[in-house]
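Trainee: A predicted structure for the sequence below; I have some questions about it.
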Amino acid sequence: MRAMTTIFTQIINGEEPARFVWRDNRCVAFLSARPLRPGHTLLVPIVEVDNWIDLDPAIAQHLMSVAQTLGRALQVAFNPRKVGLLIGGLDVPHVHIHLVPVETVHDLDYDRQVTDPDDEDLDAALGQIREALRTAGYPLST
């Protein structure tokens, strides 16, 4: 019997919608459907691995490199005090890194997530991130 794929694999495969800001042969990044702050981005390896400590070291290294690139773009796009990085992994059994423009530590509180974000706000954030990546020399797909 085939195991059920995660929602992230369904997104990666185009079976579920997402607003992508990055795609390469090892990972993708897209806006969170329940953002903590404008620009909240999820970075996900293509391979389904439940726990980040079980990632192949080369994939983990690649994810961190892409996280830095995306973090710089979020810094330019939203000018936050910092870009927070969080690996929780309790909600979806597929490694994902949260990149969140933050002003305070409270901006990483999941009780503050927007459960029904406005499409126009998400589209605006998407445009800002893509523009920051383009300006830095990164296309959507690298």
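Mentor: Perfect, thanks for sending it. Numbers count the residues shown, from 1 in each chain.
Trainee: Check whether the spatially most central residue of the chain sits in a helix, strand or coil.
Mentor: Geometric centre of the chain, nearest residue: residue 42, 1.6 Å, by Cα atoms, centre = their mean. Put simply, residue 42 is strand when judged by DSSP: H, G, I helix; E, B strand; the rest coil.
Trainee: Tell me where the longest helix sits in this protein.
Mentor: helix 57-78 (DSSP state H).
Trainee: Would you mind extracting the C-alpha trace of that one into CSV?
Mentor: What follows is helix 57-78, C-alpha atoms only, in CSV (Å, rounded to 0.1, in the frame of the first residue of the first chain):
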residue,chain,number,x,y,z
PRO,A,57,23.4,16.6,5.1
ALA,A,58,23.8,17.9,1.6
ILE,A,59,20.1,18.7,1.4
ALA,A,60,20.2,20.4,4.9
GLN,A,61,23.1,22.5,3.7
HIS,A,62,21.3,23.4,0.5
LEU,A,63,18.2,24.4,2.5
MET,A,64,20.2,26.7,4.7
SER,A,65,21.9,28.3,1.7
VAL,A,66,18.5,29.0,0.1
ALA,A,67,17.1,30.2,3.4
GLN,A,68,19.9,32.8,3.6
THR,A,69,19.1,33.9,0.0
LEU,A,70,15.4,34.1,0.8
GLY,A,71,16.1,35.8,4.1
ARG,A,72,18.0,38.5,2.4
ALA,A,73,15.1,39.0,-0.1
LEU,A,74,12.6,39.2,2.8
GLN,A,75,14.9,41.8,4.5
VAL,A,76,14.9,43.9,1.4
ALA,A,77,11.2,43.4,0.6
PHE,A,78,9.8,44.1,4.1
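Trainee: All set, thanks.
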